[in-house]
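Engineer: need a 3D model of the sequence below.
(2 chains, ligands or ions: 1)
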Amino acid sequence: MTAQAEIERAEETETMTVREAIRMALREELQRDEDVYLMGEDVGKFGGVLEVTGGLWEEFGDERVRDTPISEAGFIGAATGAAATGTRPVAELMFSDFMGVSMEQIMNQMAKMRYMFGGKTGMPVTVRTTEGGGMGAASQHSGTVHAWIAHFPGLKAVAPGTAAAAKGLTKAAVRSNDPVFVFENKMIYEQQGEVPTDEEFTVPLGEAAVEREGEDVTVVATQRLVGESLQTADSLSDDVSVEVIDVRSLYPLDTETIADSVRKTGRLVVADESPLSYGVHAEIVSRVQEEAFFSLDAPIQRIGTPDTHMPFSPPLEQEVLPDGDDVREAIELIT
Amino acid sequence: MADYTLETEEGRREALRRMLTIREFDSTAGDYFADGEIPGFVHLYIGEEAVGVGACAALEPDDYIASTHRGHGHCIAKGLDPQLMMAELFGKQDGYCNGKGGSMHIADVDAGMLGANGIVGAGPPLATGAALSIDYDDREQVAVGFLGDGAVAQGQVHEAINLAATWDLPAVFVVENNRYGEGTPVEEQHNVDDLSDTAGAYDIPGVTVDGMDVTAVAEAVEEARKRARSGDGPTIVEAETYRYRGHYEGDEQPYRDEDEIEKWKEQDPIDRFSDLLIDRGELTEEELEEMRSEIEAEIEEAIEYAQDAPLPDPSEAYEDMFAEMPPEIERFASQARADGGSLGGDRR
Ligand SMILES: Cc1ncc(C[n+]2csc(CCOP(=O)(O)OP(=O)(O)O)c2C)c(N)n1
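Structural biologist: Numbers count the residues shown, from 1 in each chain, chains lettered A, B, ... in the order given. Coordinates of the predicted model:
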């Protein structure tokens, strides 16, 4: 469905930032379900280093908003064990770059327990984490690693590009009985959008959204590049009609919405901040060629980080960080 | 009430029965592995029976345990069914994990068994997590994480114990010090004499007990359970024990000699316990023999059950990945169902 239709269907909306949308989602889910609680480094009194959980500790207290030791393997492992034994933890991994520290529990326990045990456990755990360059935070605090999780069997991964998606996906992740990772690009926390205030509003895992309809070229984007692509599409609107899709859910991935769009436009640009090789771009391109190869009128273009880490110095960071200009160049190349 | 407790005569018999069952199960599994009927790796618990049984005798049926790669003994001590375990070892549909887990992953979370584990040191964080659920829901349970002496060196073990200690969670960590991590002696892996000394770092109690004595293990874990239940947090219980067999079946054991093994066998946990019961007049030699032959028959039945059980249908390979199957997997699943499972999984 188009994002516009989704918003229009909602009875009431409010303008808010992505940060506020996620906080609203967490608050509503904490209110709705006693089994849900938050845990992570400084998520409580401190309110989260990027202030996403601000105010929730005051509202819900120590039991439901838990500050953990700086111990990613320990608390991600504990969240895994807790999810297997009847509660629904939502763990915050401060920066996705720290995921490696807890990767054993993620890849061998959280992802595999249900399968290895022949279905003899549930795994209703949510992991929220931040990604992305643009803050001058240098290589160890700017990574975009969502392809690791989307690639790894047994885990689901979402990556919202708008405030509404941020709310809806966070809620869907918390409600899911599967392990879901929510990848929040930290550069869009301040981005505003219309968000349904309905407490039952969720964005189902595995549904992309057409954020802008167009006829000539499809831009399939994630996270920050959704907004940048929309701006680019507007700026090009005199010359070319661009359709912009927010992928929203990386795994499962909504092949149908993407392929349908390519069938209409015949041209595709894939824009995702992760490194270009062997990742999200490749997956989307593969699916499009499987489903809509004969609709393609031009080579598919990929926009991403050119297999570098995120450097510190602003000119270096700007050099490698993909943005709306890169999307524009790609569109111009194939239209 | 616990399934069995060392405080009653009946419970002591049950403990002995479970120790004997573990030994029979594992030696039989070893034989069938040698014959090539059991695939994969098999790590036997023979010699260490007093630890699993002693610890589980101190637990209530709904307490949780998280196990290790050497998990058969924990499963039996916790009350899992040897038939379903054996079927799992044989890779059969009727096994505990429908043939997806095998020896190293037997689990039954509803029965409080959070899984054997192929990753050294991965169980303690899961036990801490189970203790977190218990604490969060104000339930009357505890969670026990078993780990080997080698696993004590793992970072995530430290993190798990630290978290449980910091949050006063109802957890107990049972270190099975069987003297070796694969082929490396414990002295070459740690700088402390007693592995329970590490408890000092978390300001929690750490005790080292004779792990060939089922009563000593049970008493220590019972104490730890009480402490955990009263809100005072975890305890580390180190049980000094020994594995008679190689690290895995087929291990040639160049790292130790027969004399050392024989010396430990003089302390055999089953003989010690059965002698004690006989000395006390709670059990006769005849009753012990009867128990042994009952167990032999039971394990033989488990083998027959496992041999006769059906193999999983290939389409089962796509089940149990998620609570909600994504289209990415559904396409393979429906294809396999349509083909009666004849297609390999590597085709889109
Ligand atoms: C993380 C990890 N590293 C290495 C191994 C290989 N491995 C399997 S068992 C084992 C030895 C474990 O020793 P210990 O914890 O003392 O347990 P024990 O085998 O003595 O019961 C090793 C190194 C593994 N399975 N996981």
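Engineer: next SSE after the helix ranked longest in chain B?
Structural biologist: Longest helix in chain B, counting residues (DSSP state H): helix B:9-34. Where DSSP states H and E defines the elements, the next helix or strand beyond helix B:9-34 is helix B:49-57.
Engineer: for that next one, name the packing helices and strands.
Structural biologist: The contact analysis (3 or more C-beta pairs under 8 Å, 6 or more residues apart in numbering or on different chains; DSSP states H and E) places helix B:49-57 against helix B:9-34, helix B:72-78, strand B:143-148, strand B:171-177, helix B:214-229, strand B:235-240, helix B:269-279. To be clear about C-beta, it is placed using only N, CA and C from the backbone, and glycine gets the same treatment.
Engineer: tell me which of those approaches residue A:327 most closely.
Structural biologist: Counting by C-beta to C-beta, residue A:327 lies closest to strand B:143-148 out of the helices and strands packed on helix B:49-57; the figure is 49.7 Å.
Engineer: now residue 267. Its backbone dihedrals?
Structural biologist: Just so you know, I chose chain A. phi -140, psi 150 (degrees, to the nearest 10).
Engineer: wait, doesn't it sit right on residue A:332?
Structural biologist: No. Contact criterion C-beta atoms under 8 Å: residue A:267 and residue A:332 do not qualify, at 11.3 Å.
Engineer: higher neighbour count, these two?
Structural biologist: Per other C-beta atoms under 10 Å in any protein chain shown, whichever of residue A:267 and residue A:332 has more neighbours is residue A:267, with 26 against 12.
Engineer: dump the residue contacts of the more buried one.
Structural biologist: By C-beta atoms under 8 Å, 6 or more residues apart in numbering or on different chains, the residues touching residue A:267 are A:216-218, A:296-298, A:334-335.
Engineer: recalculate using a threshold of 7 Å.
Structural biologist: A:216-218, A:297-298, A:334-335 (C-beta atoms under 7 Å, 6 or more residues apart in numbering or on different chains).
Engineer: got a pLDDT number for it?
Structural biologist: According to the prediction, residue A:267 has pLDDT 98.
Engineer: okay, and the beta partners of the closest residue to it other than its chain neighbours?
Structural biologist: Spatial nearest neighbour of residue A:267, excluding adjacent residues (C-beta to C-beta, 6 or more residues apart in numbering or on different chains): residue A:217 at 4.0 Å. Counting by DSSP bridges, residue A:217 is bridged to residue A:242.
Engineer: what parts of the stretch 1-150 of chain A come near chain B?
Structural biologist: Contacts of the stretch 1-150 of chain A with chain B, taken as C-beta under 7 Å from any C-beta of the partner chain, map to A:37, A:63, A:68-69, A:71, A:73-75, A:77-82, A:84-87, A:104-105, A:108-109, A:113-122.
Engineer: the stretch 201-335 of chain A too?
Structural biologist: A:206, A:251-252.
Engineer: how about the strands in chain A?
Structural biologist: Using DSSP state E, the strands of chain A run over residues A:13-17, A:36-40, A:65-67, A:88-93, A:126-131, A:156-158, A:180-185, A:192-196, A:209-212, A:217-221, A:242-246, A:249-251, A:268-275, A:301-305.
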